[in-house]
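Participant: predicted coordinates and the sequence they were generated for:
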Amino acid sequence: MRLPEYDDLDALALAERVRRKELSAEEVLDAAIERIDARNPKLNAVVHKLFDRARERVSKLPDGPLRGVPFLVKDLKLQIAGTPTTNSTRLSMHKLAERSSVLAQRYEAAGLQIVGKTNTPELGIMGITEPDVRGACRNPWDSGRTPGGSSGGSASAVAARMVPAAHGGDGGGSIRIPASACGLFGLKPTRGRVTMAPFAGEAWGGFVQEHVLCRSVRDSAAFLDAVDAPTPGEPYGIAAKARPWLDEVGANPGNLRIAFTRETLYAGQSHADCIDAVDDAVTLLRALGHTVTEARPSFPREDMVRAYFLTVATGVARFVEQASLDAGKKQPSPDDFEPATWLLALIAWKTSAPKLLAAQQMMHRTGREVAAFFESHDLFLTSTSAQPPAKIGELGLSSMERAQMGLLKRLPIARLLDVALDKMGSGKLAWTPNTQLFNQTGQPAMSVPLYWSAAGLPIGVQLAARFGDEATLFRVAAQLEAARPWGGKKPAL
């Protein structure tokens, strides 16, 4: 393929070569398009190509810090004027955005070349990427396995070297989980750090934050620097960064107090590979001079799991209603959505407002308790997921589950829906139980690709920090990257 060095350069390295005129933006764009055309058919990561749009813009890219870097955006929530954002729903497949999200505008102002949109589960509600309307996205490390979700298409494309970085969103682990599954670095910023203007102030009760999946820590910092400017009308206040995030990369983190657990946070049991990944990270962090002790925050686990799904269900129900209205339908129909989506909507419609408020109040109390834990610990370490990447279809709905959901469509009895809500925490969540807590508390958390299993599968570890303290995460992540470089690890392409 043209520009063989493209596969090994991160976003900042590509931008530097364009800046020095060692490469042209046109050459880099052609290299990205060539790789998408060659590698995507096996992976189904890119579901909407914007090649013509990128070629029209390439000669007039703004002189930003990421000028000339090819980029993909997740086909969920983020809007680009004149293009569809389908959210992997049947009703939205042909609806074109009238204007762009502020985040998309900032990406393009930084000089990025947006070349397409990536696969995602319907409404981003699954930790896998196997939507009915798009088909399964596959993991470049093993095409029989999932790249995780919901930013699975973005993760798959970055791991396959189609682009050096891609946009994602994280409402319950949807950046961190696919980063772990695909051997990438993925940071969920603090709540309120990245704007959702002008279309929303928050999503899923403040759980969702948008950022990127990438291969280097410095790229993650540079992308966050490019988009995190304060925006009028934000619903959440957050302290401004002390200096550019990129300046934190390589800065001395000092001797950190790091707590860790081998246990899961919300459900299930940890696989031996995930425990080994934690133990490996503990050994490395101690060797780097940090004080690492076994401890974990206490919180009402079952109540937090229930509150998580109830909040997500409410957000899903609102989208189902709006998408149906936009499509000219008098009322939502289960025929227009996947069974899991419809089940969540039914749960929301059968839940009273006081119950939702009680869940929010409980999450706020728990957030204060978890924050107290971080008064005596700088970071908290877990495995990112509790299991290695699942096989395609393994976490999809079984025939029995589909039959049960079919019954609920016809008989949405409140008690049955309540039982379904209780079972969510012990079902598919058992594979990915460690990320949701930090969406609920709003704290920043990252998945770091330090470990590969004997089967050759990436197994990420998660580090969470205090609210607003991405600086410590970038510092220690860069330290880990220098001690155990992962940039040269790549799947067979």
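Facilitator: Thanks, I have it.

Participant: residue 171 against residue 123, yeah?
Facilitator: No - using Cβ atoms under 8 Å, residue 171 is not in contact with residue 123, being 9.7 Å away. Quick note: C-beta positions are derived from backbone N, CA and C, even for glycine.

Participant: which helices and strands does the lowest-mean-pLDDT helix or strand in the chain pack with?
Facilitator: The helix or strand of the chain with the lowest confidence, counting by mean pLDDT, DSSP states H and E, is helix 399-410 at a mean of 74. When contacts are defined as 3 or more Cβ pairs under 8 Å, 6 or more residues apart in numbering; DSSP states H and E, helix 399-410 packs onto helix 339-349, helix 414-424.

Participant: how far does the first one sit from the chain's center?
Facilitator: If I follow you right, that is helix 339-349. Counting by Cα atoms, centre = their mean, to the nearest Å, helix 339-349 is centred 22 Å from the centre of its parent chain.

Participant: moving C-terminal of it, what's the next helix or strand?
Facilitator: Per DSSP states H and E, the first helix or strand lying C-terminal to helix 339-349 is helix 353-373.

Participant: got the CA coordinates for the helix or strand following that following helix in PDB?
Facilitator: Per DSSP H and E, helix 353-373 leads on to strand 379-383 as the next helix or strand towards the C-terminus. Output of strand 379-383 as PDB, limited to C-alpha atoms (Å, rounded to 0.1, in the frame of the first residue of the first chain):
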ATOM      1  CA  LEU A 379      -6.100   6.300  41.300                       C
ATOM      2  CA  PHE A 380      -8.200   3.200  41.300                       C
ATOM      3  CA  LEU A 381      -7.200   0.200  39.200                       C
ATOM      4  CA  THR A 382      -9.400  -2.600  37.800                       C
ATOM      5  CA  SER A 383      -9.500  -4.700  34.700                       C
END
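
Participant: quick check: angle from strand 379-383 to helix 353-373?
Facilitator: Per axes from the mean of the first three to the mean of the last three Cα atoms, to 10 degrees, the angle that strand 379-383 makes with helix 353-373 is 110 degrees.

Participant: who does strand 379-383 pair with, and is each partner parallel or antiparallel?
Facilitator: Sheet pairing of strand 379-383 (DSSP bridges) gives strand 257-260 (parallel), strand 458-465 (antiparallel).

Participant: quick one: whichever helix or strand comes after the last one to strand 379-383, angle?
Facilitator: It stands for strand 458-465. Using DSSP H and E, the helix or strand that follows strand 458-465 in sequence is helix 470-483. Counting by the same axes, to 10 degrees, helix 470-483 lies at 50 degrees to strand 379-383.

Participant: with residue 148 as the reference, measure out to residue 181.
Facilitator: Using Cβ to Cβ, to the nearest Å, one gets 4 Å for the distance from residue 181 to residue 148.

Participant: shared neighbours of these two, anything?
Facilitator: Taking Cβ atoms under 8 Å, 6 or more residues apart in numbering as the criterion, residue 181 and residue 148 both touch 139, 155, 385, 389.

Participant: quick one: list the elements packing against whichever helix or strand the second one is part of.
Facilitator: The secondary structure element spanning residue 155 is helix 152-159 (assigned by DSSP H and E). Contact partners of helix 152-159 among helices and strands, from 3+ Cβ pairs under 8 Å, 6+ apart: helix 25-43, strand 46-49, strand 70-74, strand 113-118, strand 165-170, helix 176-182, strand 209-214.

Participant: now for the longest one, which elements pack on it?
Facilitator: Helices and strands in packing contact with helix 25-43 are listed as helix 11-19, strand 46-49, helix 51-57, strand 70-74, strand 113-118, helix 152-159; criterion 3+ Cβ pairs under 8 Å, 6+ apart.

Participant: ok, the third one next?
Facilitator: With contacts defined as 3+ Cβ pairs under 8 Å, 6+ apart, the secondary structure elements packing on strand 70-74 are helix 25-43, helix 102-109, strand 113-118, helix 152-159, strand 165-170.

Participant: just those: most buried one?
Facilitator: Counting by mean count of other Cβ atoms under 10 Å, helix 152-159 has the highest mean neighbour count of the helices and strands packed on strand 70-74, with a mean of 35.

Participant: which one (most neighbours) among the shared contacts of residue 181 and residue 148?
Facilitator: Using other Cβ atoms under 10 Å as the neighbour criterion, residue 155 leads the shared contacts of residue 181 and residue 148 with 36 neighbours.

Participant: my guess is it meets residue 178, correct?
Facilitator: Yes - the criterion here is Cβ under 8 Å, and residue 155 meets it with residue 178 at 3.4 Å.

Participant: shared neighbours, these two?
Facilitator: With Cβ under 8 Å, 6+ apart as the test, residue 155 and residue 178 both reach 147, 148, 168, 184, 186, 213.

Participant: quick one: which of those is nearest to residue 482?
Facilitator: Nearest to residue 482 among the shared contacts of residue 155 and residue 178: residue 184, at 17.3 Å, using Cβ to Cβ.

Participant: residue contacts, the closest one?
Facilitator: Shown in contact with residue 184 (Cβ under 8 Å, 6+ apart): 155, 158, 159, 178, 213, 214, 215, 447, 449, 458.

Participant: the helices and strands packed on helix 399-410: lowest mean pLDDT?
Facilitator: When mean pLDDT is averaged over each of these, helix 414-424 scores lowest at a mean of 78.

Participant: can I get it as CSV, trimmed to CA atoms?
Facilitator: What follows is helix 414-424, C-alpha atoms only, in CSV (Å, rounded to 0.1, in the frame of the first residue of the first chain):
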residue,chain,number,x,y,z
ALA,A,414,-45.2,-3.5,35.2
ARG,A,415,-44.1,-6.4,37.4
LEU,A,416,-42.6,-8.4,34.5
LEU,A,417,-40.7,-5.3,33.4
ASP,A,418,-39.5,-4.9,36.9
VAL,A,419,-38.1,-8.4,36.9
ALA,A,420,-36.5,-7.8,33.5
LEU,A,421,-34.8,-4.7,35.0
ASP,A,422,-33.4,-6.7,37.9
LYS,A,423,-32.0,-9.3,35.6
MET,A,424,-30.1,-6.9,33.5
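
Participant: which element follows it toward the C-terminus?
Facilitator: Elements were assigned by DSSP H and E; along the chain past helix 414-424, the next helix or strand is helix 436-441.

Participant: quick one: strands adjacent to the following helix or strand past that next one?
Facilitator: Later in the chain than helix 436-441, the nearest helix or strand by DSSP H and E is strand 445-452. Partners of strand 445-452 in the sheet, by DSSP bridges, are strand 185-188 (antiparallel), strand 458-465 (antiparallel).

Participant: got the angle for strand 445-452 vs helix 152-159?
Facilitator: Strand 445-452 and helix 152-159 are oriented at 50 degrees to each other (the same axes, to 10 degrees).

Participant: and the angle from strand 445-452 to strand 165-170?
Facilitator: Relative orientation of strand 445-452 versus strand 165-170 (the same axes, to 10 degrees): 120 degrees.

Participant: quick one: strand 445-452 to chain centroid distance?
Facilitator: The chain centre lies 13 Å from the centre of strand 445-452; the measure is Cα atoms, centre = their mean.
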